[in-house]
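In: Following is a predicted model, sequence given first.
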Amino acid sequence: MKPKIATTSLAGCFGCHMSLLDIDLRLLELLQRVEFDRSPINDIKTVGPCAIGLIEGGVCNAENVEVLREFRRHCKIIVAFGACAVNGGLPAQRNHLDLRDILEEVYQTSPGLAPGCSIPNDPELPLPLNKVHPIHEIVRVDYFLPGCPPSAEAIWKFLNDLIIGRTPVLGHGLLRYD
Amino acid sequence: MSDVFLLDGEQVPFTVGQTVMAAARAAGRYIPHLCWHPEFQPHGSCRLCTVKADGHFAAACTLAARPGMTVDNRTAELDDQRRTLLQMLFVEGNHFCPSCEKSGACKLQATAYELKMMTPHFDHFFPDRAVDASHPDLLLDFNRCILCELCVRASRDADGKNVFAITGRGIKSHLIVNSPSGRLADTAMSLADRAASVCPVGVILAKGRGFVIPIGERRYDRQQIGAAEEQ
């Protein structure tokens, strides 16, 4: 049976997933060797038992925490996939500001808003966390693949190493933080 | 004839009074470092160049070479400790490489690549530090300061201007500008100063030329720092 891979994007921009698609025709080669479980690639919404879970994005709201814990429960190996999962990335640049101040400025006091605007409070919206966290602050993480986004070459090397059970090693030019 | 010591088992010649770091550099050997610079007095503060000399830990940049000394440098133990030091530097400041003009030419980043740092590991501090854009030619982004004091030394010893200083103690240590207003615009600092180009990270940046050399074609994009410094 082919090992299963699940992927998700939490507080990310899907850039890492776009970079995964940049492996191009090698996606077909990958599909010979693994099967995708929950992922934006196939639109499966729930995660089952998997060998590898790729987590893009940091943790910025309650739903992110729930999804991340769900992935940790089901995946043997969790990979922090890209800069935001590794260190919070761009969303974490709000961390030195007060959350209420940000919400008030964006939804109530910034110029150009329609009269009567207020901070969204729909029960369907996940509650934001005070700070954005790298995923290793919430769950145990087995491997880290930095990069904003990691290049297709880096992803390909990393996944190949993981699938054959080797500790992923990224050489010069593949290990990047930008 | 000069004396020699052993660096990772290979002979490195030195002259009396030379440090292990200076001799290694002259011999084209790389000892990871951040606060050391060949033009300035050693500072011994970043501890990244810590080696094991005859079984004792010492900073290679301040340790005088002795004949026959055995120095361990790139061992797994020392590189593990160096990686931990780097991780602590990364979480103490705001080192957000994707938005940094210095990316690809940054010694902190390049050294972390060299030492295969895959994660900052520790919890981030996310400190709140304002930038100083007051100077017409230079930008100061304190978020990236690693307290190497190279700008302090360059401005004092090479430029004779004393523009920079470190204030505070322990975890509260931080870089300040030596002017009544605290702003760079109110100092004698100029773009031609040695201090303007000595910063190993992205704190002191010349305005208007951040992307003259594109990302991907910069010094440490082309070559890993260890190989680049071994020439």
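Out: It's in.

In: From chain B, how far out is the residue nearest the centre of chain A?
Out: Nearest to the geometric centre of chain A sits A:Glu56, at 1.4 Å (Cα atoms, centre = their mean). Separation of A:Glu56 from chain B (Cβ to the nearest Cβ, to the nearest Å): 14 Å. Bear in mind the C-beta positions are built from the backbone N, C-alpha and C, glycine included.

In: Bridged to that residue, which residues?
Out: Here A:Glu56 sits in beta bridges with A:Ser9, A:Phe81, going by DSSP bridges.

In: Spell out which residues of chain A are next to chain B.
Out: A:80, A:83, A:86-90, A:92-93, A:95-97, A:131, A:134, A:136-137, A:141, A:143-146, A:148, A:169-170, A:172-173, A:175-178 (Cβ under 8 Å from any Cβ of the partner chain).

In: Restricted to strands, list the residues you listed.
Out: A:Ala80, A:Lys131, A:Tyr143, A:Phe144, A:Leu145 (DSSP state E).

In: The residue in chain A sticking out farthest from the centre: what's it in contact with?
Out: Distance from the centre of chain A peaks at A:Pro115, with 35.8 Å (Cα atoms, centre = their mean). With contacts taken as Cβ atoms under 8 Å, 6 or more residues apart in numbering or on different chains, A:Pro115 has no neighbouring residues.

In: Which pLDDT value does the model give it?
Out: With respect to pLDDT, A:Pro115 scores 89.

In: what's the spacing between it and A:Gln108?
Out: Using Cβ to Cβ, to the nearest Å, one obtains 11 Å as the distance from A:Pro115 to A:Gln108.

In: ok, now A:His133?
Out: From A:His133 to A:Gln108 the distance is 26 Å (Cβ to Cβ).

In: Same question for B:Phe96.
Out: 28 Å.

In: Between the two, which has more neighbouring residues?
Out: B:Phe96 (21 against 12; other Cβ atoms under 10 Å in any protein chain shown).

In: Grab the nearest non-local neighbour of the more buried one.
Out: For B:Phe96, ignoring the flanking residues on the chain, the nearest one in space by Cβ to Cβ, 6 or more residues apart in numbering or on different chains is A:Gln93 at 6.4 Å.

In: where exactly do the helices run in chain A?
Out: Under the criterion DSSP state H, chain A contains helices at A:15-21, A:26-33, A:62-74, A:83-87, A:99-104, A:152-163.

In: average pLDDT for stretch A:146-156?
Out: The average pLDDT for stretch A:146-156 rounds to 98.

In: Now do that stretch: everything it contacts.
Out: With contacts defined as Cβ under 8 Å, 6+ apart, stretch A:146-156 is touched by A:15-16, A:18-20, A:22-24, A:26, A:81-84, A:86-87, A:89-90, A:145, A:158, A:170, A:174-178, B:97-98, B:118-119.

In: For chain B, what lies in contact range of chain A?
Out: Residues of chain B lying near chain A (Cβ under 8 Å from any Cβ): B:90, B:94, B:96-100, B:103-104, B:109, B:112-113, B:116, B:118-121, B:123-124, B:126-128, B:215, B:221, B:223-224.

In: Cross those residues against strands and list the overlap.
Out: Among those, no member falls in strands (DSSP E).

In: Just the buried ones from those, in ChimeraX syntax?
Out: Buried residues among the residues of chain B next to chain A (16 or more other Cβ atoms under 10 Å in any protein chain shown), as a ChimeraX selection:
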select /B:90,94,96,97,98,100,103,104,109,112,113,118,119,120,121,124,126,215,221,224
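
In: A:Ala85 reaches A:Pro134, doesn't it?
Out: Yes - the pair A:Ala85 and A:Pro134 passes the contact test of Cβ atoms under 8 Å, sitting 6.6 Å apart.

In: Residues that sit against both of those two, list them.
Out: In contact with both A:Ala85 and A:Pro134: A:Gly58, using Cβ under 8 Å, 6+ apart.

In: Please say which of the two ends up with more neighbours.
Out: Higher neighbour count among A:Ala85 and A:Pro134: A:Ala85, with 31 against 26, using other Cβ under 10 Å.

In: Next, the residue nearest the centre of chain B: secondary structure please.
Out: Nearest residue to the geometric centre of chain B (Cα atoms, centre = their mean): B:Leu34, 2.4 Å. Judged by DSSP: H, G, I helix; E, B strand; the rest coil, the three-state class of B:Leu34 is coil.

In: go on, B:Leu86?
Out: helix.

In: so where's chain B uncertain?
Out: B:1, B:231 (pLDDT under 70).

In: Repeat the analysis, applying 80 as the threshold.
Out: B:1-2, B:230-231 (pLDDT under 80).

In: What ranges does it have for its strands?
Out: B:3-7, B:10-14, B:50-53, B:56-59, B:70-72, B:131-132, B:138-141, B:164-167, B:174-177, B:204-206.

In: will you turn these into JSON lines that also has mean neighbour count?
Out: As requested, the strands of chain B are exported to JSON lines (neighbours: other Cβ atoms under 10 Å in any protein chain shown):
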{"stretch": "strand B:3-7", "mean neighbour count": "19"}
{"stretch": "strand B:10-14", "mean neighbour count": "16"}
{"stretch": "strand B:50-53", "mean neighbour count": "21"}
{"stretch": "strand B:56-59", "mean neighbour count": "16"}
{"stretch": "strand B:70-72", "mean neighbour count": "18"}
{"stretch": "strand B:131-132", "mean neighbour count": "15"}
{"stretch": "strand B:138-141", "mean neighbour count": "22"}
{"stretch": "strand B:164-167", "mean neighbour count": "17"}
{"stretch": "strand B:174-177", "mean neighbour count": "18"}
{"stretch": "strand B:204-206", "mean neighbour count": "22"}
